[in-house]
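Undergrad: Please find the sequence and the predicted model below.
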Amino acid sequence: MHIDGRRLHYFITVADTGSLGQAAQVLHVAQPALSRQIRLLEESVGVPLMTRTARGMSLTPAGRAYYDSARALLHDAGAAAARAASVGRGDVGHLRLGFSEVYAWHPEVLRALRQYRQASPGVTFSIEAMLSGEVTRRLLDGELDLALAFVPATAGDEALAAGPWLVDDYLLAVHEDSPWAAAPPQRMAQLNDSDFVLFRRDRSPHLFDSMIHHFHQRGFTPRIVQEGTTHFTVLGLVAAGLGCAVVPSSAMHHLPPGVRLLPVPDLNLRVPVSLVWRKGHLSPLITRFCALLGSAA
């Protein structure tokens, strides 16, 4: 049986006021039209729901039973509509994020998370730390909703969409006791005999290859003696005095003790970091978070 929400509303209003005339005024409809809607509702239910008395309209036993169900139906419909509207605005839900710890400490990311949570307490977040290659795989597998990652235009992955966020400059990371901290190198080639720390290539192949190509153009062939899985594990190895490394300048927001970041004149590696998601999955949650980060995504 089709349920007409408007007729349910009319029926409940008549029952609450006990009068067709008063209900018509409340509903801003003509009394004959309201009376007809009540008759049509009774015909669809198959039993009388109201009787006219000297004092107005009263519910029959069937009407009293129907009244409770009608109120519950309208409440559920209203709650469903409100929830749908909240979801459509990105006010409720869970957003799964993936990015390097370097960006987990970035002031813009912290501000976006804080503002989103304050404005919409019904939204929760989970954040996983990983480099761009792993992020891409997790996105494609549906394990993440949104990521901050380096996705070069040459990657050609038609399943992913991206919006620009920032371009990060890379700096040389050294231990404060390193000779390079006292006398910073002026060219990357000066580091050829230094122990070097780098992340594993499988964690972000595009970024790894881009860095190595950039180094070779400057006459620098890194002597990799230690490997990490993320930028922060690389920085941890530098903090332990196991070598120097090249890391995003955003790492300055949460450096391990004893690590210094230095510019090298011919190190002009600039890496675009994008907000990345699966095509066809641009949800209101993603759209709002991208907007809070100032992205045109």
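TA: Cool, got the structure. Predicted, not measured: the structure shown is a model, and the values here were computed from it. Residues are numbered from 1 along each chain as shown.

Undergrad: in the chain, which strand has the most residues?
TA: strand 160-175 (DSSP state E).

Undergrad: So what are the sheet partners of that one and their directions?
TA: Partners of strand 160-175 in the sheet, by DSSP bridges, are strand 245-248 (antiparallel), strand 259-262 (antiparallel), strand 270-278 (antiparallel).

Undergrad: Distance from the chain centre to it, please.
TA: Put simply, strand 160-175 sits 19 Å off its chain's centre (CA atoms, centre = their mean, to the nearest Å).

Undergrad: about what we covered before: and the strands paired with strand 160-175, which is most packed in?
TA: Of all the strands paired with strand 160-175, strand 245-248 carries the top mean neighbour count, a mean of 25, counting by mean count of other CB atoms under 10 Å. All C-beta atoms are positioned from the backbone trio N, CA, C, and that covers glycine.

Undergrad: what's the spacing between it and its chain's center?
TA: 27 Å.

Undergrad: which residues touch it?
TA: The contact list for strand 245-248, computed with CB atoms under 8 Å, 6 or more residues apart in numbering, reads 100, 102, 168-173, 196-198, 211, 231, 234-235, 237-238, 261, 267, 269, 271.

Undergrad: Can you tell me which of the strands paired with strand 160-175 is nearest to Ala65?
TA: strand 270-278 (49.0 Å; CB to CB).

Undergrad: contact partners of the next helix-or-strand element following that closest one?
TA: Per DSSP states H and E, the first helix or strand lying C-terminal to strand 270-278 is helix 284-292. Contacts to helix 284-292, defined as CB under 8 Å, 6+ apart, come from residues 87-90, 93-95, 97, 111-112, 115-116, 120, 123, 145-146, 163, 275, 277, 297.

Undergrad: okay, now the closest residue to Pro256 other than its chain neighbours: neighbour count?
TA: The spatially closest residue to Pro256, leaving aside those adjacent along the chain, is Ala239, at 3.8 Å (CB to CB, 6 or more residues apart in numbering). Using other CB atoms under 10 Å, the number of residues around Ala239 comes to 17.

Undergrad: try Leu59
TA: Leu59 has 18 neighbouring residues, counting by other CB under 10 Å.

Undergrad: Now Thr124: phi and psi?
TA: phi -120, psi 160 (degrees, to the nearest 10).

Undergrad: I misspoke; the intended subject was Val14.
TA: Torsion angles, degrees, to the nearest 10, at Val14: phi -60, psi -40.

Undergrad: Could you do Leu49 as well?
TA: According to degrees, to the nearest 10, Leu49 has phi -110, psi -20.

Undergrad: which residues sit in contact with the nearest residue to it once chain neighbours are set aside?
TA: Sequence neighbours aside, Gly63 is the residue nearest to Leu49 in space, at 3.6 Å (criterion: CB to CB, 6+ apart). Contacts of Gly63 were listed using CB under 8 Å, 6+ apart, and they are Ala15, Pro48, Leu49, Met50.

Undergrad: Per-residue confidence, Gly63, what does it come out as?
TA: If you check Gly63, the pLDDT there is 84.

Undergrad: Over to Ser86?
TA: Turning to Ser86, the model gives it a pLDDT of 63.

Undergrad: Same check on the one 3 residues further on?
TA: Arg89 carries a pLDDT score of 67 in this model.

Undergrad: And the one 4 residues further on, by the same measure?
TA: For Gly93, the pLDDT comes out at 89.

Undergrad: buried set for the helix or strand harbouring Arg114?
TA: Using DSSP H and E, Arg114 maps to helix 107-119. For helix 107-119, burial by neighbour count (16 or more other CB atoms under 10 Å) applies to Glu108, Val109, Ala112, Leu113, Tyr116.

Undergrad: Is the first one in contact with Gly294, as I believe?
TA: Yes. The pair Glu108 and Gly294 passes the contact test of CB atoms under 8 Å, sitting 7.0 Å apart.

Undergrad: To Ala182, which of the strands paired with strand 160-175 lies closest?
TA: strand 259-262 (10.2 Å).

Undergrad: Please compute how far that closest one lies from its chain's middle.
TA: With CA atoms, centre = their mean, you get 32 Å for strand 259-262.

Undergrad: chain center to stretch 107-114, what's the gap?
TA: Worked out by CA atoms, centre = their mean, stretch 107-114 lies 12 Å from the chain centre.

Undergrad: export that stretch as PDB, just CAs?
TA: What follows is stretch 107-114, C-alpha atoms only, in PDB (Å, rounded to 0.1, in the frame of the first residue of the first chain):
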ATOM      1  CA  PRO A 107      49.900  23.200  10.200                       C
ATOM      2  CA  GLU A 108      47.400  23.400   7.400                       C
ATOM      3  CA  VAL A 109      46.500  19.700   7.900                       C
ATOM      4  CA  LEU A 110      46.100  20.100  11.600                       C
ATOM      5  CA  ARG A 111      44.000  23.200  11.100                       C
ATOM      6  CA  ALA A 112      41.800  21.500   8.600                       C
ATOM      7  CA  LEU A 113      41.200  18.500  10.900                       C
ATOM      8  CA  ARG A 114      40.500  20.800  13.800                       C
END
